[in-house]
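1. any chance you can model this:
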Amino acid sequence: MSSGKILPRRQAIPVLYTRGTHYEVGFDMGRTFGSMIKNFLILSKPLVETYLPLYQSPKGRQIYNETLESVKDSFPQYIRELEGVADGAEVEFHKLFLLHLDEILPQALKHQPRSKNQPTGCSTIIVNQSNCRLLGHTEDALTETLNHYYFVVAHIISDKPQGKYNVKEEHFMSLCYAGHLPGYTMNQNHHGLVFSINTISAELLRSGKTPRHFITRALLATSNVDDAFRVLKDAGVGAADACSVNFTFLADPRQMCYNVEMAPSPERKNESHLSIREIPLGEHNYHTNQFDRIRQDQANDLMIDSSISRMRTFGSYKPPMSEQDVRHMLGDASGGDFCVWRENGSCDEVVKTIAVGIFDLSAKTMSLYSDNPGETEPHCRLPLLFK
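-> Numbering: from 1, shown residues only. Coordinates of the predicted model:
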């Protein structure tokens, strides 16, 4: 029975190892974490208070359907995967797809106020030194997401090429919000891709395009840098909403890291608008939840204020040169309401840091924390998948 109750922070990170078809992997996620998914669907205020009521309107249903059909055309395998999650958890598919639409529906209907007008988001630090190569990431979300996430290690083999990029095999690790597809938090695949996502709340969103959740899900199947840029560009359709992607490939001889800001095309082109920054050996980079380079209006003032505050906190430190430096920076609780590590000990807090991951690109490990990384040891240190 789902309680619909927010619990205090649990010192636990569930991990599922699964293999099969897209549907079977989705079903295993849903079946294994069904009670957590059901509970999250009760607790999610954006879903209950905004997305579902808009979905019931004729215009809302039209936007839902045109976006669903667009995703089916490009990535039918990921729709089957999400159908598997719904069936395994015994929940309605449309509720899960609405979570993946996020703010596309209310923005397209000019619904005011935008439901997640809160300083949600996350912070990423890249250290790219010859003796220390790290990608560290906080996962910050509305408090109802606390304790509603899990880690999935999946191996998917298809008998026929799948989707617009003809993918036959995927093998990846990903932290997933309850009921969500892998790929939209902190992730890694067997081709050596390591990446994290920073949500950006763009004012300009496009219904009928590809939601960022599905673009980043497709990113999990990429095998090299050019492949990754191709997926983010999403030629022929383009992104429906915005985010920042921090990534590298372990086998890249240049040892280059990247930050890519992705947004819907302002000229209505059928492709994403991208801004790419290279982070070569000897440099570091920070990114939060605002456009640093793309010039587009952003919708969430609190998210921008929080991003500015977190970047200011990072700027007060010397450039990070070690894993200990990154742990302290991601665990920094200074800065008032808009701090990097967000936890005031109360379930009434609107936004919390729900987890932290630190990828050691040299040692090929990922350390997972469910509490402040500056004060605690990781729950686990998982080896990265790598062919």
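
2. could you measure from residue 242 over to residue 138?
-> Applying C-beta to C-beta, to the nearest Å, the value for residue 242 to residue 138 is 19 Å. For every residue, glycine as well, the C-beta is placed using N, CA and C.

3. for residue 90, the count of nearby residues, please.
-> If you count neighbours by other C-beta atoms under 10 Å, residue 90 ends up with 11.

4. need phi/psi at residue 154.
-> The phi/psi pair for residue 154 (degrees, to the nearest 10) reads phi -120, psi 140.

5. which ones are touching it?
-> Neighbour list for residue 154: 17-19, 25, 170-172, 174, 182 [criterion: C-beta atoms under 8 Å, 6 or more residues apart in numbering].

6. swap in residue 96?
-> 82, 85-86, 179-180.

7. from those, which ones fall inside helices?
-> 82, 85-86 (DSSP state H).

8. where's the residue most central in space within the chain, which helix or strand?
-> Centroid-nearest residue in the chain: residue 184, 2.2 Å away (criterion: C-alpha atoms, centre = their mean). For residue 184, there is no helix or strand it lies in under DSSP states H and E.

9. mind checking how far it is from residue 122?
-> From residue 184 to residue 122 the distance is 10 Å (C-beta to C-beta).

10. tell me, what's touching the two both at once?
-> Joint contacts of residue 184 and residue 122 (C-beta under 8 Å, 6+ apart) are residue 197.

11. just give me the neighbour total for the nearest residue to residue 127 once chain neighbours are set aside.
-> Nearest residue to residue 127 in three dimensions, chain neighbours excluded: residue 134, at 4.3 Å (C-beta to C-beta, 6 or more residues apart in numbering). Counted with other C-beta under 10 Å, residues neighbouring residue 134 total 26.

12. number of residues surrounding the closest residue in space to residue 372 that isn't next to it in sequence?
-> Nearest-residue entry for residue 372: residue 331, 4.4 Å, with adjacent residues in sequence omitted and distances by C-beta to C-beta, 6+ apart. When neighbours are counted by other C-beta under 10 Å, residue 331 registers 21.

13. contacting residues for residue 331?
-> Shown in contact with residue 331 (C-beta under 8 Å, 6+ apart): 340-341, 356, 372-375.

14. do the same with residue 208
-> 63, 66-67, 70, 240.

15. which strand or helix spans residue 53?
-> helix 52-55.

16. same question, residue 230
-> Counting by DSSP H and E, residue 230 is part of helix 225-233.

17. same for whatever helix or strand comes next after that helix, what does it pack against?
-> Next helix or strand after helix 225-233 toward the C-terminus (DSSP H and E): strand 242-249. On a contact count with 3 or more C-beta pairs under 8 Å, 6 or more residues apart in numbering; DSSP states H and E, strand 242-249 meets strand 121-129, strand 132-142, strand 193-200, helix 212-219, helix 225-233, strand 257-263, strand 283-287.

18. what do you get if the cut-off is 6 Å, keeping everything else the same?
-> Secondary-structure packing of strand 242-249 (3 or more C-beta pairs under 6 Å, 6 or more residues apart in numbering; DSSP states H and E): strand 193-200, strand 257-263.

19. in JSON lines: those, plus distance to residue 232, mean pLDDT and mean neighbour count.
-> Converted to JSON lines, the helices and strands packed on strand 242-249 look like this (distance: least, C-beta to C-beta, whole Å; pLDDT from 0 to 100; neighbours: other C-beta atoms under 10 Å):
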{"stretch": "strand 193-200", "distance to residue 232": "10", "mean pLDDT": "96", "mean neighbour count": "26"}
{"stretch": "strand 257-263", "distance to residue 232": "5", "mean pLDDT": "98", "mean neighbour count": "24"}
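
20. can you give me the end-to-end span of stretch 235-243?
-> By C-alpha to C-alpha, to the nearest Å, the extent of stretch 235-243 from end to end equals 17 Å.

21. nice, that's everything, thank you.
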